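Undergrad: Quick check, what structure comes out for this input:
(one chain, ligands or ions: 1)
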Amino acid sequence: MSRLNSHDDFTPLKEIVVGSAAHYLSHERDVSFELFHHENLSGFRSDWAYPRLTRAAAGHRESWAIKERYAEELHEDVEALAAVLAELGAVVHRPLPLPPDAAPIAGLGWEAAPTPALNIRDNTLILGDEIIETPPAIRSRYLETRLLAPLFTGYWEKGARWTTMPRPTLTDNSFDLSYARDTATTLGGPTEVVENPQPSPYDVGVEMMLDGAQVLRLGRDLVVNIAQANHALGAEWLQRHLGDRYRVHRVWRMADNHIDSMLLALKPGVFLARHAGIRDLMPEPLRSWHYIVPPEPDAGAFPVYDDYEDLVLTSPYIDLNVLSVDENTVLVNEDCTGLIKTLDAAGFTTVPVRHRHRRLFGGGFHCFTLDTVREGAHENYLS
Ligand SMILES: NC(=[NH2+])NCCC[C@H](N)C(=O)O
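TA: I've put the predicted structure just below:
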C-alpha cells in the first residue's frame, strides 16, 4: 500500500479498491431508498410513482428480495473486474465482504438491512491525500464505509488525512423532497413524493447529504451536482472544509444525484457526456472542452428483467460509467458496443469487461471502484 494520492479519474492508476458484491440479498425499500431511486423506480410503475395508491404510510419497512442468480452473476463479474485491474498492473484492494447473516443496522428511529460495500464511489470522496467519508442519503448504506475501515486505517497509517462529513440522522423529515416533486418521469409526472413524512422526536430539519459520486474531480477543481437542499448543504460543507485549496463548481440538476453516468473526464480537455446539453450546464471554463457523446444505448444490450420482481435502479445510460486506467485506456462494458466504437474512433484503447446486471445494482465500473493512488497531482486543468 502506497500513500494515498488521487486527484482525478484519468492519470495513470496505481492502486484501486474494487467493491464487494458478496451477499447482496435484498433492497431495503424504505422512504430513503424510494426517494433516492425515485427517478428510476417511478418511471415505469404507477404504484411506485403514486405510492399512496398502494403502500402504507412512512415508517413502512419492506425487504425486496434479489434473485440469487443475479446476485451470483454480479459477484462473478465484480471478481473478474478486480482481476482485470490487477492484470493491468494496478494494486487492487477489497473491502470487507458483508457476512451472509448480517444483522440489521439501526439509527435513531429506524432500522435497515445493511448493503455490501459495492458502489464504493458513493460514500467516500478521495481528494489528494484526504479520505472524506460523505453523509449517506440511504439508511441501509449508513455503515457501508465501515467495511472499508481496515483499508482507510492502512492509508491513514501511511500519512493520509481522514475526515468524516457530519452524519445525518435520516428521519423522514431530513429529506428535501423538491427534486422528486419537480421532476416528471416517463409516466408523465410530476409524481407523488414518496410516502408521507412522519414526525420523529429526533427531527433536525433538512440535513446535509452528499455522495462522493456527485463530485467530478479535476485536480484543484471539483464539479458538484446539486439537485436539492440536502446536496446544497453538503456542497457548502465541502467548500468551507476545503477553503482556497479547491474551486467547488456547483451544477444544478445535471442529474438526480450521481454525476458519473452523465459526465466523466477521460483526460484533460475531454469529457464523456450523456448528451450534448451537458455542456451548457457546466461552469464556463469547462465549456470549451471536447464532449464525446456516445450513441443512445441499445435496449438489446441489457438482460430482460421481470417488470415487477426485479428492481431496475439505473437508467439505460449506466454504461457511460466507465473507468480509465490512464489517459488512453478505458474499461468499458463489453455489451455496450456503441460506446466501444465511439471511444475507439476517438483514439482510446478500450478494454471490454463483462458486467451483466448493472441496471439492478445501481452501478458500472466507476461506481464500483475507488481509486486511491494515481500519478496525477493537484493540477490546475483550467488554465
Ligand atoms: N456512482 C453511482 N452509483 N452511479 C450510478 C448512477 C446511476 C444513475 N442514477 C443512472 O440511472 O444512470
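Undergrad: Output the set of residues of the protein in proximity to the ligand.
TA: If contacts are counted using CB under 6 Å from any ligand atom, the residues of the chain sitting beside the ligand are 40, 119, 121-122, 213, 258, 260-261, 314-315, 317-318, 321, 362-363, 367. In this view, the C-beta of every residue, glycine as well, is placed from N, C-alpha and C.
Undergrad: In helices, which of those fall?
TA: If you go by DSSP state H, the residues of the chain next to the ligand have residue 40 in helices.
Undergrad: Residue 335: how many residues sit nearby?
TA: The burial metric for residue 335, expressed as a neighbour count using other CB atoms under 10 Å, is 20.
Undergrad: Not counting sequence-adjacent ones, nearest residue to it?
TA: Take residue 335 and drop its neighbours on the chain: the residue closest to it by CB to CB, 6 or more residues apart in numbering is residue 301, 4.4 Å away.
Undergrad: Determine the number of other residues adjacent to the one you found.
TA: 15.
Undergrad: correct me, but it touches residue 339?
TA: No: counting by CB atoms under 8 Å, residue 301 sits too far from residue 339 to count as a contact (9.6 Å).
Undergrad: which residues are common contacts for these two?
TA: Between them, residue 301 and residue 339 have 319, 333 as joint contacts when contacts are counted by CB atoms under 8 Å, 6 or more residues apart in numbering.
Undergrad: Which secondary structure element of the protein has the lowest mean pLDDT?
TA: Counting by mean pLDDT, DSSP states H and E, the weakest-scoring helix or strand in the chain turns out to be helix 46-49, with a mean of 67.
Undergrad: What pairs with the following helix or strand past that helix, parallel or antiparallel?
TA: The helix or strand immediately downstream of helix 46-49 is strand 63-65, counting by DSSP states H and E. Neighbouring strands of strand 63-65 in its sheet, by DSSP bridges, are strand 26-28 (antiparallel).
Undergrad: Identify all contacting residues around the strand it pairs with.
TA: Strand 26-28 is contacted from outside by 33, 61-66, 112-113, 115, 139-140, 311, using CB under 8 Å, 6+ apart.
Undergrad: hey, C-alpha coordinates of the very next helix or strand once past it in CSV?
TA: Elements were assigned by DSSP H and E; along the chain past strand 26-28, the next helix or strand is helix 31-36. In CSV, the C-alpha atoms belonging to helix 31-36 read as follows (Å, rounded to 0.1, in the frame of the first residue of the first chain):
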residue,chain,number,x,y,z
VAL,A,31,-38.5,6.1,2.4
SER,A,32,-34.8,6.9,2.0
PHE,A,33,-34.3,4.2,-0.7
GLU,A,34,-37.5,5.1,-2.6
LEU,A,35,-36.6,8.8,-2.6
PHE,A,36,-33.0,8.2,-3.7
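Undergrad: Quick check: mean pLDDT of helix 31-36?
TA: Taken as a whole, helix 31-36 has a mean pLDDT of 89.
Undergrad: how deep is residue 136 tucked in, by neighbour count?
TA: By other CB under 10 Å, the residues close to residue 136 number 24.
Undergrad: Is it in a helix, a strand, or coil?
TA: coil (DSSP: H, G, I helix; E, B strand; the rest coil).
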